[in-house]
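> coords please:
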Amino acid sequence: MQIEIFADFSCPWCFIGRRRLARAQLLRPQLRFELVWQPFQLNPEAPMAGADRRRHRGLFQDVDRLGAMERALEESGGKEGIRFAFDRIARIPNTLAAHRLMRFAARSRRDDALAERLYSAYFEEGKDIGNVDTLADCAAAAGLERRAAWIFLISEEEAEAVKSIDGLAHQSGIAGVPYFVLDRRYALAGAQEPAVFLPLFDAVLVSSDEMLASPA
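All right, here's what the predicted structure looks like:
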């Protein structure tokens, strides 16, 4: 079963959604899943060097509401084994390079491992995932050759592909992430609990069985 995951690496709910999807997968061990990560930038206008998060936070009109949101994320994330450390995050990254690196990692099927590492580096360790050296380190941690990843990152390779897919996703009506598309037939928006995925897994399985059983 193919699952396309439209997500951004500066999105905390995407991190939670990925962990919940992983738990849902464990509940259907008979299924074989192919995860395809698709780019969806939440802040495409961010400078390539990123923006100062503390200054951005200072401009937020309702600081109490922002704090409540972060506490809610910490509570939800904790249930998924995520230790959000918002106080460590100094920069809001432009995630174009991270999405490009995901396409590089997909060539050797290391993209899912890289996604997990990118989320953890940013949200749990406060690292700048818009920085080339940080991204190369993440690639190495995900099982890729660091120098090859670094050389890829300093090029413009895959940039147009990322922008094109991102643009099509916005045009198709995807308004927020995470957003999951199962076998190009069913869609699920948001960081849903594992139980919400299961009926869709079963529907895909049943329809696949029916297709195999139908006469040629």
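
> Now for the chain, the helix or strand with the poorest mean pLDDT.
Lowest mean confidence among the helices and strands of the chain (mean pLDDT, DSSP states H and E): helix 53-59, at a mean of 69.

> Ignoring the adjacent residues along the chain, who's closest to A139?
Counting by CB to CB, 6 or more residues apart in numbering, A149 is the residue found nearest to A139 once chain neighbours are left out, at 3.5 Å. Using the backbone N, CA and C atoms, a C-beta is placed for each residue, glycine as well.

> chain center to stretch 36-46: distance?
Between the mean C-alpha location of stretch 36-46 and the chain-wide mean there is a distance of 9 Å, by CA atoms, centre = their mean, to the nearest Å.

> For it, output the C-alpha coordinates as PDB.
Output for stretch 36-46, consisting of C-alpha atoms alone and laid out as PDB, is shown next (Å, rounded to 0.1, in the frame of the first residue of the first chain):
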ATOM      1  CA  VAL A  36       6.300   8.500  -0.300                       C
ATOM      2  CA  TRP A  37       7.200  11.800   1.300                       C
ATOM      3  CA  GLN A  38       5.900  14.900  -0.600                       C
ATOM      4  CA  PRO A  39       6.900  18.500  -0.100                       C
ATOM      5  CA  PHE A  40       4.600  21.100   1.300                       C
ATOM      6  CA  GLN A  41       6.300  24.300   2.600                       C
ATOM      7  CA  LEU A  42       4.500  26.200   5.200                       C
ATOM      8  CA  ASN A  43       6.900  29.200   5.000                       C
ATOM      9  CA  PRO A  44       8.200  29.200   1.500                       C
ATOM     10  CA  GLU A  45       8.800  33.000   1.800                       C
ATOM     11  CA  ALA A  46      11.300  32.500   4.600                       C
END
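
> What are the buried residues along it?
Across stretch 36-46, burial judged by 16 or more other CB atoms under 10 Å covers 37-41, 43, 46.

> In strands only, show me these.
37-39 (DSSP state E).

> So what's the residue count around R23?
For R23, the neighbour count with other CB atoms under 10 Å is 14.

> Could you find the closest non-adjacent residue to L118?
Leaving aside its chain neighbours, L118 sits nearest to F9 (4.7 Å; criterion: CB to CB, 6+ apart).

> mind listing what that neighbour touches?
F9 makes contact with 93, 95, 98-99, 115, 118-119, 122, 129 under the criterion CB atoms under 8 Å, 6 or more residues apart in numbering.

> could you redo the last one with a cut-off of 7 Å?
Shown in contact with F9 (CB atoms under 7 Å, 6 or more residues apart in numbering): 95, 98, 118-119, 122, 129.

> one step back: are we agreed that the residue nearest to A139 is in a strand?
No: for A149, which was evaluated using DSSP: H, G, I helix; E, B strand; the rest coil, the result is helix, with no strand membership.
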